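Chemist: 3D model of this:
(2 chains)
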Amino acid sequence: MAHHPIRRGLDLPIAGEAAGPAVQLDLPSTVGIDPRELRGFIPRLAAREGDEVKAGQPLMFHKFEPRVQVVAPVAGRVKEIRRGARRVITGFVIDTVAEGGVVQHATHALDALPSLSREAVLEQMLAGGVWPLLRTRPLDHLPSPSTVPQWVLVDGMETGPLQPGPDALLAAEDREALQAGIHVLGRLTDGGVVLTHAEGAAHPAFQGLTGAEVHTFSGPHPAGDPAVQVSHIRPPTGTGRVFTIRAWDAVIVGRLFLTGRYDGTRVYAAVGTGVTQPRLVRTVQGAPLPHLTGPVIDGPARWIRGSVLTGTRVGPEGFAGLSSRSVHVLPDTVERELFGWATPQLGKWSFHRSYLKGFGRPSARYDLRPGLYGGHRALVPTGVHDTVIATPDIQPTFLFRSLIAGDLEGSIKLGLLDISEEEAALLSYIDPSKNDFDVILRDSLELYAKEA
Amino acid sequence: MLKALERLVDANRAPFEEGGRLHWAWPLYEGAETFLLTVGTKTSKGVHVRDPMDMKRLMMFVIYAMVPAILMGMWNVGARAFQYEGITDATTLECLLRGAWHMLPIIIVSYTAGGIAELVFCVVRKHEVSEGFLVTAMLYPLTLPPTTPLWMVAAGIVFGVVIGKEVFGGVGMNILNPALTARAFVFFTYPAVISGAYVWDVVGVANPLTRTGEAVDGYTGATALLAVSGADRGAQAVDVLAAQGWDWWALASGAIPGSMGEVSAIAALVGAVALVLAGLAAWQTMVGAVVGLAGVAMIFNAFAGPDSLALLTLPPHYHLVMGGFAFGAVFMATDPVSSATTTLGRWIYGLGIGAMCGLIRVINPAYPEGMMLAILFMNVFAPLIDHYVVQATTRRRVARMATVAS
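Modeler: Sure thing, here's the model as predicted:
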């Protein structure tokens, strides 16, 4: 067991944390899947409007990798296929039925899993619809089934702002399914599986697992980010890939092999000061976001699937994510202040020390708003940017200058494929010059993916 | 009040926006609006929340850190004038008023002339007014003697803004520190105005705020460095200074002739503490500069013989509080744009500035002070230093990958 202390980063003290045990919700009348959540997935339809679908039945498949498919979380009838600009599919909506059919796959005993063949594992993961829970490093795309990863990371830690972690998402009885998931994922690679969790007392579901090397992390966000963890454990070499998956998603993989069924139940966190009562809910994957949140504030609100750092703006018509486990409702108003550049600004939280936040309690939480709070300027390297980069040997100002200049080759040398999106998001958050580092990084990675 | 102002701002925005009649003046409007009110724009892509810190606030805090140096300089200009007019009963307030009468016009001209140059470029190049200018236009007058003619002040700042910054594309793109570029322009173009023994004091120059007298007999206003460099061979520097009535504390506190804001090392130290506490300047650069200058001074001390130059015998702790070193190390060398930006690079850059400053002071016969030239010299080398530090980082990462693979 190795420990990796992360010293650089930032835990955003944003208010609106979900508290208490998960509330069991009734089955929503519709569920939906937004395939744009799966980066690198180009959807083709496997079901039409009006079709009856069973739970676990394919709805969409990947244009270039037809074996990669997204399945229905619950049984029902396809209500509509929403399309956005250029006819991109933005939502695959199903009217649910309480007692519908289920697609049944092979079941395996837990101790038989380590001896399954790679092909058998691959086949069942793809057919069972759990493949889209995987990501690759670098690029953070959906992996191709033909890729053999150098190793697989099962990340059992979450440090993102207001994001639910293992305590909220895993129960002690998930241990067996997690063990099954680790065995199955271990068959995909010759390099072994690494399970990570926060330093200190491990969650009961992580106790006594075999087949995985255990690493622990501590420190501020992005300590729990899979990309940062991969950089600290064993970064991919050459053109190699590392697969990453969250521990709570590995449980779904394991359950597919133990029960032969796609598990569509999920715990989600409805967070943010825009939610009247932030809470954890147990419902089905793809539930409409208002179903998760319950009552929200009057007035403009920004609905974000995921965190305020790297989440996607979806609107109240959006659906709970496939792998993202939260919805953040952010009041979408910004207050202006007189001579804000010159006054002490007591009571306002800032990462920077020219705000006298020292007078505030360290445990205080703040109602942060989606303001830019400044004009865009050229990147001024005050040295503050280095303080949120947890990946070793990155000079962020040089990397991003190189990216802004469009020099892909140079920026790879400077760590384009090593830095994580969570880190770029933190950089954007703290930057007094108000650059969009996270957007620049994503665009550059997509350009790289296209050219490579 | 706030709501009324918001309405006023919103009501008048239209003609300045895209397609409006006054769109060419958008940078002016935007500058005025964001001067009054914090920016109300919402995040549209990427991260949903942003830190309230922006460049305006950052630059404003650098100016706050300069306040001790400004006040100390003001007092000193007045106090020295009274002293050499034989007026011994002048109050602190009188000293400040007299200093302000001579200093404020220079500061106002610097802001006005530089501001016009800045705004013209913003309108022509269509970028937002950059608040870095607020710091530049305050730093520059502090490096001038109080007797500098106002038209020269204006010529210098315009040169600094245009050639030092705007031709490279504005704040963040420049290679040299714009305030020092402005000073270097005055220094090389009008050397008689900015060096010598008689430019540092406003003795006998009348003003309407306070009393004014006639210069006493034998008045000389040589700076401490000039006094030592002009001393006979074989003299001990400390004795030369003591003969002028300056012990170390007098030099450090700043009751000496010199550029308006640069005289007090203690005021600069207060500014340094404020900047480092607020996280706005790299302490590595400052410490590097101190170590560099002290190290070079110690080497010279070791080589000082019975009839060597008096400057060779100047102890390191005297070097640190004399001339523009302290002010330059705190406010000029740490300019994030023109300095090295890697942590290791900042050490090297700081050490280089300190060492170069010592070399110019002691070895160079033409200039008794070397801080301005040392900083400009290292500004030019900063990208090279960074280049090698970044290369080393890259090599380290590649090596780490290789060990992981095996």
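
Chemist: pLDDT weak spots in the stretch 251-400 of chain A?
Modeler: A:346, A:356-361 (pLDDT under 70).

Chemist: what do you get if the cut-off is 90, keeping everything else the same?
Modeler: The model of the stretch 251-400 of chain A has pLDDT under 90 over residues A:299, A:315, A:323, A:333-367, A:371-387, A:392-393.

Chemist: now do the helices in it.
Modeler: Ranges of helices in the stretch 251-400 of chain A, per DSSP state H, counting those that start in this stretch, are A:289-293, A:396-404.

Chemist: where do the strands sit along the stretch 251-400 of chain A?
Modeler: Taking DSSP state E, counting those that start in this stretch as the criterion, the stretch 251-400 of chain A carries its strands at A:265-271, A:279-284, A:301-305, A:312-313, A:326-331.

Chemist: mean neighbour count for the helices of the stretch 251-400 of chain A - can I get that in a markdown table?
Modeler: C-betas here are computed from N, CA, C, even on glycine. Written out in a markdown table, the entries for the helices of the stretch 251-400 of chain A read as follows (neighbours: other CB atoms under 10 Å in any protein chain shown):
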| stretch | mean neighbour count |
| --- | --- |
| helix A:289-293 | 22 |
| helix A:396-404 | 22 |
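
Chemist: for residue B:212, which of those helices is the nearest?
Modeler: helix A:396-404 (51.9 Å; CB to CB).

Chemist: contacts for the next helix or strand after that closest one?
Modeler: On the C-terminal side of helix A:396-404, the closest following helix or strand by DSSP states H and E is helix A:408-413. With contacts defined as CB atoms under 8 Å, 6 or more residues apart in numbering or on different chains, helix A:408-413 is touched by A:399, A:402-403, A:416, A:444, A:447-448, A:451, B:394.

Chemist: please list the residues of the stretch 251-400 of chain B that sit near chain A.
Modeler: Selection of the stretch 251-400 of chain B residues close to chain A by CB under 8 Å from any CB of the partner chain yields B:277-280, B:282, B:336-337, B:341-343, B:346, B:386, B:389-390, B:393-394, B:396-397, B:400.

Chemist: coming back round to it: distance to residue B:321 for the contacts of helix A:408-413 - can I get that in JSON lines?
Modeler: Converted to JSON lines, the contacts of helix A:408-413 look like this (distance: CB to CB, whole Å):
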{"residue": "A:399", "distance to residue B:321": "40"}
{"residue": "A:402", "distance to residue B:321": "42"}
{"residue": "A:403", "distance to residue B:321": "44"}
{"residue": "A:416", "distance to residue B:321": "47"}
{"residue": "A:444", "distance to residue B:321": "49"}
{"residue": "A:447", "distance to residue B:321": "54"}
{"residue": "A:448", "distance to residue B:321": "53"}
{"residue": "A:451", "distance to residue B:321": "57"}
{"residue": "B:394", "distance to residue B:321": "41"}
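
Chemist: among these, which one sits closest to residue B:331?
Modeler: Closest to residue B:331, out of all of the contacts of helix A:408-413 and judged by CB to CB, is residue A:399, at 28.6 Å.

Chemist: before we move on, back to that, now, the residues of the stretch 251-400 of chain B next to chain A that are in helices?
Modeler: B:277, B:343, B:346, B:386, B:389-390, B:393-394, B:396-397, B:400 (DSSP state H).

Chemist: out of those residues, which is most surrounded?
Modeler: residue B:346 (27 neighbours; other CB atoms under 10 Å in any protein chain shown).

Chemist: near chain B, which residues of the stretch 1-150 of chain A?
Modeler: So the stretch 1-150 of chain A meets chain B at A:12, A:14 (CB under 8 Å from any CB).

Chemist: and the strands in the stretch 1-150 of chain A?
Modeler: A:2-5, A:19-24, A:30-33, A:43-45, A:52-53, A:58-62, A:69-71, A:76-83, A:89-96, A:135-137.

Chemist: mean pLDDT and mean neighbour count for the ones you listed - can I get that in JSON lines?
Modeler: Shown next, in JSON lines, are the strands of the stretch 1-150 of chain A (pLDDT from 0 to 100; neighbours: other CB atoms under 10 Å in any protein chain shown):
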{"stretch": "strand A:2-5", "mean pLDDT": "93", "mean neighbour count": "13"}
{"stretch": "strand A:19-24", "mean pLDDT": "89", "mean neighbour count": "12"}
{"stretch": "strand A:30-33", "mean pLDDT": "94", "mean neighbour count": "23"}
{"stretch": "strand A:43-45", "mean pLDDT": "93", "mean neighbour count": "16"}
{"stretch": "strand A:52-53", "mean pLDDT": "92", "mean neighbour count": "18"}
{"stretch": "strand A:58-62", "mean pLDDT": "94", "mean neighbour count": "21"}
{"stretch": "strand A:69-71", "mean pLDDT": "95", "mean neighbour count": "23"}
{"stretch": "strand A:76-83", "mean pLDDT": "93", "mean neighbour count": "17"}
{"stretch": "strand A:89-96", "mean pLDDT": "92", "mean neighbour count": "20"}
{"stretch": "strand A:135-137", "mean pLDDT": "93", "mean neighbour count": "24"}
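
Chemist: so can I have a markdown table of those strands showing distance to residue B:265?
Modeler: Formatted as a markdown table, those follow (distance: least, CB to CB, whole Å):
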| stretch | distance to residue B:265 |
| --- | --- |
| strand A:2-5 | 40 |
| strand A:19-24 | 55 |
| strand A:30-33 | 67 |
| strand A:43-45 | 68 |
| strand A:52-53 | 78 |
| strand A:58-62 | 68 |
| strand A:69-71 | 68 |
| strand A:76-83 | 68 |
| strand A:89-96 | 64 |
| strand A:135-137 | 52 |
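
Chemist: what residues does the stretch 101-250 of chain B have near chain A?
Modeler: Applying CB under 8 Å from any CB, we find that the stretch 101-250 of chain B lies next to chain A at B:128, B:130-132, B:169-173.

Chemist: in chain A, which helix has the most residues?
Modeler: Longest helix in chain A, counting by DSSP H: helix A:437-451.

Chemist: which strands or helices does that one pack on?
Modeler: Where contact means 3 or more CB pairs under 8 Å, 6 or more residues apart in numbering or on different chains; DSSP states H and E, helix A:437-451 is packed against helix A:396-404, helix A:408-413, helix A:421-430.

Chemist: relative to residue A:269, which of those helices is closest?
Modeler: The nearest among the helices and strands packed on helix A:437-451, by CB to CB, is helix A:421-430 at 17.4 Å.

Chemist: that closest one and chain B in contact?
Modeler: Yes. Interface with chain B: helix A:421-430 contributes A:425, A:428-430 (CB under 8 Å from any CB).

Chemist: where does pLDDT dip in the stretch 251-400 of chain B?
Modeler: Using pLDDT under 90, the stretch 251-400 of chain B drops low at B:254-258, B:277-280, B:303-312, B:323, B:363-370, B:394-400.

Chemist: switch to 70 and redo it
Modeler: For the stretch 251-400 of chain B, not a single residue meets the criterion pLDDT under 70.

Chemist: circling back: looking at the residues of helix A:421-430 next to chain B, which has the most residues close by?
Modeler: Busiest of the residues of helix A:421-430 next to chain B [other CB under 10 Å] is residue A:425, holding 31 neighbours.

Chemist: for it, give its distance to residue A:436.
Modeler: Taking CB to CB, to the nearest Å as the measure, residue A:425 falls 10 Å from residue A:436.

Chemist: residue contacts, the residue of the stretch 1-150 of chain B found nearest chain A?
Modeler: Closest to chain A within the stretch 1-150 of chain B is residue B:54: 2.6 Å, counting by CB to the nearest CB. Residue B:54 makes contact with A:341, A:373-375, A:432, A:434, B:39 under the criterion CB under 8 Å, 6+ apart.

Chemist: thinking again about what came up before, as JSON lines, the helices of the stretch 251-400 of chain A with distance to residue A:16 would be great.
Modeler: Putting the helices of the stretch 251-400 of chain A into JSON lines (distance: least, CB to CB, whole Å) gives the following:
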{"stretch": "helix A:289-293", "distance to residue A:16": "11"}
{"stretch": "helix A:396-404", "distance to residue A:16": "29"}
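
Chemist: since that was my last question, I'll sign off now.
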